[in-house]
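J.: I'd like to go over a predicted model; first the sequence, then the structure.
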Amino acid sequence: MLSTNLVKGMDGIKIRFDGWVPFDDILDYADKKAGVYEIRMKDGRKFGRVRGESDIVYIGSTTKSFKSRFRGYMKPGRDQPTNQHVKWFSKKYEIEVAFLLIGKPRLYESLLIDTYIADHDELPPLNHQSINKFHFKH
């Protein structure tokens, strides 16, 4: 299992992911449990955002298992645009993944996305770019 630390900061819950694994090798490490994960540029290579910079290209969660979720990325179906986009991106750029086994993965995914938006005024590039009133608070 990869290690990840749950850190409660002044701005609420923050998760510091450790143990990043190359995207193409993730099935060797993926657990059969639910949780949250982030995908980033290899070695934490930063890129510009609307505000600041980041290395995170996708924030996600699974309520089934990491193994089944990442199998979907490796062999995306026709009706899986997110999986197709992540797979395409992984062929073009070196990316890596870290995950945290945790209860209520959708809640923690939402918290991670809210924090990303608060930091950068936009979603990570591989997350859906449509306006989502749940995350964009007025």
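T.: All right, it came through fine.
J.: most residues in a single helix of this protein, which one?
T.: As assigned by DSSP state H, the longest helix anywhere in the chain is helix 105-120.
J.: That helix packs against which elements?
T.: Contact partners of helix 105-120 among helices and strands, from 3 or more CB pairs under 8 Å, 6 or more residues apart in numbering; DSSP states H and E: strand 12-17, strand 35-41, strand 53-54, strand 56-62. Placement of C-beta: from N, CA and C, glycine included.
J.: if we go to 6 Å?
T.: In this structure, helix 105-120 makes packing contacts with strand 35-41, strand 56-62, judged by 3 or more CB pairs under 6 Å, 6 or more residues apart in numbering; DSSP states H and E.
J.: counting contacts, what elements does the first one pack onto?
T.: Pointing back at strand 35-41 there. Right, strand 35-41 is packed against strand 56-62, strand 95-101, helix 105-120 by 3+ CB pairs under 6 Å, 6+ apart.
J.: Please identify which of these is closest to residue 27.
T.: Counting by CB to CB, residue 27 lies closest to strand 95-101 out of the helices and strands packed on strand 35-41; the figure is 10.3 Å.
J.: Direction included, what does the closest one pair up with?
T.: strand 21-22 (antiparallel), strand 35-41 (antiparallel) (DSSP bridges).
J.: could the ones you listed go into CSV alongside distance to residue 114 and mean neighbour count?
T.: Shown next, in CSV, are those (distance: least, CB to CB, whole Å; neighbours: other CB atoms under 10 Å):
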stretch, distance to residue 114, mean neighbour count
strand 21-22, 25, 15
strand 35-41, 13, 23
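J.: Adding distance to residue 65 as columns, could you present those strands in JSON lines?
T.: Below are those laid out as JSON lines (distance: least, CB to CB, whole Å):
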{"stretch": "strand 21-22", "distance to residue 65": "16"}
{"stretch": "strand 35-41", "distance to residue 65": "9"}
